[in-house]
Each structure stands twice: as C-alpha cells, then as structure tokens.
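Participant: Here's my sequence, what's the structure:
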Amino acid sequence: GGMAAEGDVELELETEPNGSGGGSDGAGGRAAEKPRKHDSGAADLERVTDYAEEKEIQSSNLETAMSVIGDRRSREQKARQEREKELAKVTIKKEDLELIMTEMEISRAAAERSLREHMGNVVEALITLTN
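Facilitator: Here you go, the predicted model:
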C-alpha cells in the first residue's frame, strides 16, 4: 500500500545520519532493517484497530453514564423540591428565628432552614447547629 511506502521512506531518512560514517555499512544496515519495518507496519495497524474499538466502547459507556447521571440528578432535584415544600409548610416562630440568628451568628436564611428542618423545634435546631 501507499502508506507503507511512505513509512519506509521516512524511516530510511532517519537511519541515514547514523550510517553515514561508512557508506557501504549504512546501506547494509538499511537492507537488514527491511523485514522489521514491515512487521512494525502490521503491528501499528493492529494498534490502530484496538484503539478505535476502545474509543467506541468508551463513548458508549460515557453516553450511558451521562443518561444515568441525568436521571439521578432529576430524581434528586424532585426529591429536593418535595423537601423544600415540606419545609415551607413548617410553622416557625419569629422569636425562635431571631434567637438562632443571635445565638449562632448565622444568616436569617440559614437560621430559618435549620428551624424548619427540626419542625420548628428551636432547641433541636440549636443543638444541631452547635455540633
């Protein structure tokens, strides 16, 4: 094939400087290398084929992984939204909220969140925050 011929030319050019010390020596060396070059060509071809197959496998795995991750993410998001809805229903006292904010020196949102997570139980919220 055309490719093999090109490869041979390149390899011969590379071997030129090493063998330039003795003219005939260089030529002899080059002749002896011929079969080895041929083998390496076949080996390269196999390597390319393996590589192509690996790439295909990797890309299909990636697609599967991506869709799995996508599903999981949307499920988690749904669960989180449900949780937020549940938390929003919890009634919390303004005093409790302010107490937590002052005690823990945290933002109103953080204080409210912890209160809601403990169903409005200020004591439990404070205990969790101090841990």
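
Participant: Show me what the longest helix along the chain is packed up against.
Facilitator: Looking across the chain with DSSP state H, the single longest helix is helix 23-89. Contacts defined by 3 or more Cβ pairs under 8 Å, 6 or more residues apart in numbering; DSSP states H and E place helix 23-89 against helix 2-19, helix 108-117. Glycine gets a C-beta too; all of them are placed from N, C-alpha and C.

Participant: neighbouring contacts of the last one?
Facilitator: Think helix 108-117. Here helix 108-117 makes contact (Cβ atoms under 8 Å, 6 or more residues apart in numbering) with 87-88, 90, 92, 96-97, 100-101, 104, 121-122, 125, 128-129.

Participant: related to what we said a few turns ago, list the buried residues of the next helix or strand after the longest helix of the chain.
Facilitator: Toward the C-terminus, helix 23-89 is succeeded by helix 94-104 as the next helix or strand (DSSP states H and E). Neighbour counts over helix 94-104 (16 or more other Cβ atoms under 10 Å) mark Asp96, Leu97, Leu99, Ile100, Met101 as buried.

Participant: pLDDT added to those residues, as a markdown table?
Facilitator: Below are these laid out as a markdown table (pLDDT from 0 to 100):
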| residue | pLDDT |
| --- | --- |
| Asp96 | 96 |
| Leu97 | 96 |
| Leu99 | 95 |
| Ile100 | 95 |
| Met101 | 97 |
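
Participant: Of these, which is the nearest to Ser60?
Facilitator: Comparing the buried residues of helix 94-104 against Ser60 with Cβ to Cβ picks out Ile100 as the nearest, at 50.8 Å.

Participant: who's in contact with the closest one?
Facilitator: Residues in contact with Ile100, defined by Cβ under 8 Å, 6+ apart, are Ile106, Ala111, Ser114, Leu115, Val122, Ala125, Leu126, Leu129.
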